[in-house]
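> From the sequence below, what's the structure:
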Amino acid sequence: AFTKRDVEASGAALTEDLIASALAQGLRPRVAPRPEERSAIVMLPSDDPHTDVRRLAEAGFIVDARPGHVRVSPYFYNLPDDHRALLECLTHGR
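Numbering: from 1, shown residues only. The predicted model follows:
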């Protein structure tokens, strides 16, 4: 069984993976500057977040729109490959 600590550690690792993957794609994710200050929320810049969210939803990604950003919240059941697929869909759909 997973403990709360397991879920939190997994979320933190997934958040760092998403940030690193986004940076590698040339995106500038909006997050707290230090890993220990971050939550499991990553804001990815978008000129049209509502359109991006609809397109991502059609591809099976559950994200949300915020002004100028697509909000992504990695959770323990996600995999790093999910991040790469999401970023591929986000950056190549523009």
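> just the helices in this protein please.
Counting by DSSP state H, the chain has helices at residues 4-24, 49-58, 80-92.
> can you list the ones you listed in JSON lines and add distance to residue 37 and mean pLDDT?
C-beta coordinates here come from the backbone N, C-alpha and C atoms, glycine included. Formatted as JSON lines, the helices of the chain follow (distance: least, C-beta to C-beta, whole Å; pLDDT from 0 to 100):
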{"stretch": "helix 4-24", "distance to residue 37": "11", "mean pLDDT": "93"}
{"stretch": "helix 49-58", "distance to residue 37": "24", "mean pLDDT": "96"}
{"stretch": "helix 80-92", "distance to residue 37": "20", "mean pLDDT": "94"}
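> Give me the number of neighbouring residues for residue 16.
Residues lying near residue 16 (other C-beta atoms under 10 Å) number 15.
> mind listing what it touches?
Going by C-beta atoms under 8 Å, 6 or more residues apart in numbering, residue 16 touches residue 35.
> One more pass at 10 Å, please.
By C-beta atoms under 10 Å, 6 or more residues apart in numbering, the contact set of residue 16 is 31, 35, 38, 42, 74.
> Name the nearest residue to the residue positioned nearest the centre of the chain, sequence neighbours excluded.
Residue closest to the average C-alpha location in the chain (C-alpha atoms, centre = their mean): residue 72, at 3.6 Å. What sits nearest to residue 72 in space, not counting adjacent residues and going by C-beta to C-beta, 6 or more residues apart in numbering, is residue 42, at 4.8 Å.
> Now restrict the contacts of residue 16 to buried residues only.
Buried members of the contacts of residue 16, counted by 16 or more other C-beta atoms under 10 Å: 31, 38, 42, 74.
> OK, contacts around the third one?
What that stands for is residue 42. Counting by C-beta under 10 Å, 6+ apart, residue 42 touches 14-16, 18-19, 21-22, 27, 29-31, 63, 69-74, 83.
> In ChimeraX, select just the buried ones from these.
Selection of buried members from those for ChimeraX, criterion 16+ other C-beta under 10 Å:
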select :14,15,18,19,21,22,27,29,31,63,69,70,71,72,73,74,83
